[in-house]
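>>> Predicted coordinates and the sequence they were generated for:
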Amino acid sequence: MPEPFDEDLPLNDYFCYCSHNTNLSGNQLTSDSKIERYIEDLQAGVKSVELDVHNDGHRPIINHALKDKSLCKPIDF
């Protein structure tokens, strides 16, 4: 049974388990983006995931990119 949750504290006293660069399977420069990373994080209890959505000219993709430049392999949105 989970411990009772005190909802009377200021918002900054709470911890939200979130994920940064959720889609990446490794480093931020050359790793592949993988849908499985979202599944793993959500199953682990993550409450907030990051979606780096870009337009490749034809369709929306998820990719870690800076100024639309990336060495990482994207995944379809």
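Arrived safely. Residues are numbered from 1 along each chain as shown.
>>> Neighbours of the residue nearest to residue 30 when sequence neighbours are not counted, how many?
Nearest non-adjacent residue to residue 30, counting by C-beta to C-beta, 6 or more residues apart in numbering: residue 71, 4.9 Å away. For glycine as for every other residue, the C-beta is placed from the backbone atoms N, C-alpha and C. As a burial measure, residue 71 scores 12 neighbours (other C-beta atoms under 10 Å).
>>> helices or strands up against the worst-scoring helix or strand of the chain on mean pLDDT?
Lowest mean confidence among the helices and strands of the chain (mean pLDDT, DSSP states H and E): strand 53-55, at a mean of 85. When contacts are defined as 3 or more C-beta pairs under 8 Å, 6 or more residues apart in numbering; DSSP states H and E, strand 53-55 packs onto strand 60-62.
>>> residues in contact with the strand it packs on?
23, 33, 51-55, 74-77 (C-beta atoms under 8 Å, 6 or more residues apart in numbering).
>>> hmm, which of those are the buried ones?
Buried residues within the contacts of strand 60-62, counting neighbours by 16 or more other C-beta atoms under 10 Å: 23, 33, 52, 74-75.
>>> Adding distance to residue 40 and secondary structure, write these out as TSV.
Output for the buried ones among the contacts of strand 60-62, formatted as TSV (distance: C-beta to C-beta, whole Å; DSSP: H, G, I helix; E, B strand; the rest coil):
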residue	distance to residue 40	secondary structure
23	11	coil
33	13	strand
52	17	coil
74	19	coil
75	14	strand
